[in-house]
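Q: need coordinates for the following:
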Amino acid sequence: MPSLDENPLKKPPLIGALLRVPAMAIHRRLIRELKASGFDDLTPPHMAVIQYPGPDGMRPSALAERAAMSKQAMNQLLKTLEGMGYITRGGASGDAGGTVVSFTDRGRAAYQKMADILLDIEREWAEELGPKRFRELKALLGDLWDTPLVR
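A: Okay, the predicted model is just below:
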């Protein structure tokens, strides 16, 4: 058994923490600024549905898989968001009985506000890290995005 001095969790943060901490900061800011912009009924769990690339045209089961949650939990979120006027659920055109999710106008407005907030965060982080380093960071993360390692 390794000693505490050899414990990898006691060394500088591993990649999970290095990605989680900024992601959580983004998440908190999105909720705070959405609430300040009149979307005060949105809570952190709702982000599982309205996160990029949005739910338009997706089936509830695909949304559940993307969010790593049960279909039942996803359907409860969808029911809540539908009741709040952010999404609708209906049949896919040309599809026999399949349900797909679509943004309402209110949902699209919230999604656009999220994009605006994220662009502000990117500008701030580019200023903090320097434009070149921030571009490199985005490029490296984009490279990972396109690999099977993160899918």
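
Q: list the buried residues for whichever helix or strand Arg123 is part of?
A: Secondary structure from DSSP states H and E places Arg123 in helix 105-129. By 16 or more other Cβ atoms under 10 Å, the buried positions in helix 105-129 come out as Gly107, Ala110, Tyr111, Lys113, Met114, Ile117, Ile121, Trp125, Ala126. Every C-beta, even on glycine, is put in place using the N, C-alpha and C of the backbone.

Q: so how far is the helix or strand that comes right after that helix off the chain centroid?
A: For helix 105-129, the succeeding helix or strand toward the C-terminus, using DSSP H and E, is helix 131-145. Chain-centre distance of helix 131-145: 18 Å, with Cα atoms, centre = their mean, to the nearest Å.

Q: hmm, back to that, which one of the buried residues of helix 105-129 is nearest to Gly83?
A: Within those, distances to Gly83 taken as Cβ to Cβ reach their minimum at Gly107, with 12.4 Å.

Q: please name the nearest non-neighbouring residue to the closest one.
A: Setting aside the residues directly before and after it, Gly107 is nearest to Tyr86 in space (Cβ to Cβ, 6 or more residues apart in numbering), at 3.9 Å.

Q: go on, Ala73?
A: Nearest to Ala73 is Ala64, by Cβ to Cβ, 6+ apart, at 7.2 Å.

Q: how many residues are close by that neighbour?
A: As a burial measure, Ala64 scores 21 neighbours (other Cβ atoms under 10 Å).

Q: which stretches of the protein form strands?
A: 87-91, 99-103 (DSSP state E).

Q: now the buried residues of helix 105-129 as a markdown table including pLDDT and distance to Pro53?
A: Putting the buried residues of helix 105-129 into a markdown table (pLDDT from 0 to 100; distance: Cβ to Cβ, whole Å) gives the following:
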| residue | pLDDT | distance to Pro53 |
| --- | --- | --- |
| Gly107 | 97 | 13 |
| Ala110 | 97 | 14 |
| Tyr111 | 97 | 10 |
| Lys113 | 97 | 16 |
| Met114 | 97 | 12 |
| Ile117 | 98 | 16 |
| Ile121 | 98 | 18 |
| Trp125 | 97 | 21 |
| Ala126 | 97 | 23 |
